[in-house]
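# Output the structure for:
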Amino acid sequence: MKSKLTLKNLDKFGLNSYEAKSYLSLLEKNQLTASEVSRLGGIPRARVYETLENLEVRGLCRTVPGKVKMYTAVDPSLLKDVLIRTEKEKLDLKLQKLKEEIVKEEKHLDYKIADAEKLVEQLTPIYIKGRSKDDSLNYIELIKDESQVQKRVCQLIESAEREVVVFSKPPLLEDRKKVIEQLELEKESLAKGVHSMCVYEIPKQIEQMEWLRDYMEIVSGLGEHVRVIEQLPIKMLIFDEKTVVFQLEDPISLKPSITVQIIQHISLARSLKILFETIWAKAKTREELDHLIAQCRKS
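Residues are numbered from 1 along each chain as shown. Next up is the predicted model:
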């Protein structure tokens, strides 16, 4: 009866080896004394009484009144309740330990927050003092990350009050999400009365020409004034004749640099506005781009 498999299965109910053997011995007989349980189960006499008391506490056996103290097993169907109670006790213990760990981590976080606040208190005066100094270059902003450039230009478009003029050079913006975002911003800007003018450099590839033609048709419909030219000297935006954004070519590779400069300088902005007006006067209309595309298609 007391097979290794049965004893192993009783381990699942939280019974140790002596408790499992004692319970199986009680199942085999209606009533047994402690000595009989010890003999049948192979349990040391010194441990049998403690073992039977544990079984009583768990509700797996009970004592039978009489001159000699006897023990009897309860119905095995009650093992389900024992298992549930045992597993719940284990879970409660784990939850308690977890709560203690959480409290410990929360205290650790409080210490970290306090350290961060002290550091902010130490660094803030240094920051304020540095900002109060007259920096001769505080009107120049350099951005090297492409996504940050797009974000900053969008901010300038949103804040423009009177005018935006642009020199647009390839590569053209082809990311659909960014194109839509830029169009929405320009639509809002034009709607509030901002005057917008752009000279586009004509791409070399016919597919890029057609893309530019379609894009110009859209922005023209929104109210932007557009023209095209064979070559532009610089990629540039001027906002309200006071803020200039430009991207220069690398003097060695002759390719556009990732670094973009944003300069808040009225004199510079007005000087570059004169350059824009000069090139605008020489630039061609959108219809002439259609004619150029048609010629390229024939050749």
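# C-alpha only now, for contacts and for neighbours.
Fine.
# show me what contacts Gln148?
By Cα atoms under 8 Å, 6 or more residues apart in numbering, the contact list for Gln148 is empty.
# Give the next helix or strand downstream of the helix or strand where it lies.
Assessed by DSSP states H and E, Gln148 sits inside helix 146-159. Downstream of helix 146-159, the next assigned helix or strand under DSSP H and E is strand 163-168.
# Now do whichever helix or strand comes after that following strand: which elements does it pack against?
Downstream of strand 163-168, the first helix or strand assigned by DSSP H and E is helix 176-191. With contacts taken as 3 or more Cα pairs under 8 Å, 6 or more residues apart in numbering; DSSP states H and E, helix 176-191 sits against helix 146-159, helix 206-222.
# mind listing what's buried in helix 176-191?
Neighbour counts over helix 176-191 (16 or more other Cα atoms under 10 Å) mark Gln182, Leu185, Glu186, Lys187, Ser189, Leu190 as buried.
# quick revisit: run the chain-centre distance for the helix holding Gln148.
22 Å (Cα atoms, centre = their mean, to the nearest Å).
# And the helices in this protein?
In the chain, the segments counted as helices under DSSP state H are 4-11, 17-28, 34-41, 45-58, 79-132, 146-159, 176-191, 206-222, 266-282, 286-298.
# would a markdown table of those helices with distance to Val228 and mean pLDDT be doable?
Formatted as a markdown table, the entries for the helices of the chain read as follows, by distance: least, Cα to Cα, whole Å; pLDDT from 0 to 100:
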| stretch | distance to Val228 | mean pLDDT |
| --- | --- | --- |
| helix 4-11 | 85 | 61 |
| helix 17-28 | 92 | 87 |
| helix 34-41 | 101 | 90 |
| helix 45-58 | 91 | 89 |
| helix 79-132 | 43 | 81 |
| helix 146-159 | 21 | 86 |
| helix 176-191 | 19 | 83 |
| helix 206-222 | 10 | 89 |
| helix 266-282 | 9 | 93 |
| helix 286-298 | 7 | 86 |
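# Tell me which of those sits nearest to Gly66.
With Cα to Cα, the closest approach to Gly66 among the helices of the chain belongs to helix 34-41: 13.6 Å.
# Specify the angle between that closest one and helix 45-58 in degrees.
Computed by axes from the mean of the first three to the mean of the last three Cα atoms, to 10 degrees, the angle separating helix 34-41 from helix 45-58 equals 100 degrees.
# what comes up buried for helix 34-41?
Within helix 34-41, the residues that count as buried by 16+ other Cα under 10 Å are Ala34, Glu36, Val37, Ser38, Leu40, Gly41.
# neighbouring contacts of it?
By Cα under 8 Å, 6+ apart, helix 34-41 touches 18, 21-22, 24-26, 43-45, 48-49, 52, 69-71.
# Return the alpha-carbon coordinates of that helix using PDB.
What follows is helix 34-41, C-alpha atoms only, in PDB (Å, rounded to 0.1, in the frame of the first residue of the first chain):
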ATOM      1  CA  ALA A  34       0.600   5.300  18.400                       C
ATOM      2  CA  SER A  35       2.800   2.200  18.900                       C
ATOM      3  CA  GLU A  36       1.000   0.400  16.000                       C
ATOM      4  CA  VAL A  37       1.400   3.400  13.700                       C
ATOM      5  CA  SER A  38       5.100   3.500  14.600                       C
ATOM      6  CA  ARG A  39       5.400  -0.200  13.800                       C
ATOM      7  CA  LEU A  40       3.300  -0.300  10.600                       C
ATOM      8  CA  GLY A  41       4.800   3.000   9.200                       C
END
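# starting at the chain centroid, how far to that helix?
Taking Cα atoms, centre = their mean, the mean C-alpha location of helix 34-41 is offset from the chain mean by 65 Å.
# re the thing from before, nearest to Cys296 among the buried residues of helix 176-191?
Gln182 (29.3 Å).
# pretty sure that closest one is touching Val153, no?
No: assessed by Cα atoms under 8 Å, Gln182 is found out of contact with Val153, at 9.3 Å.
# Identify, out of the helices of the chain, the most deeply packed stretch.
When you average the neighbours per residue for each of the helices of the chain (mean count of other Cα atoms under 10 Å), helix 17-28 leads with a mean of 21.
# tilt between that one and helix 34-41?
Taking the same axes, to 10 degrees, one finds helix 17-28 and helix 34-41 inclined to each other by 100 degrees.
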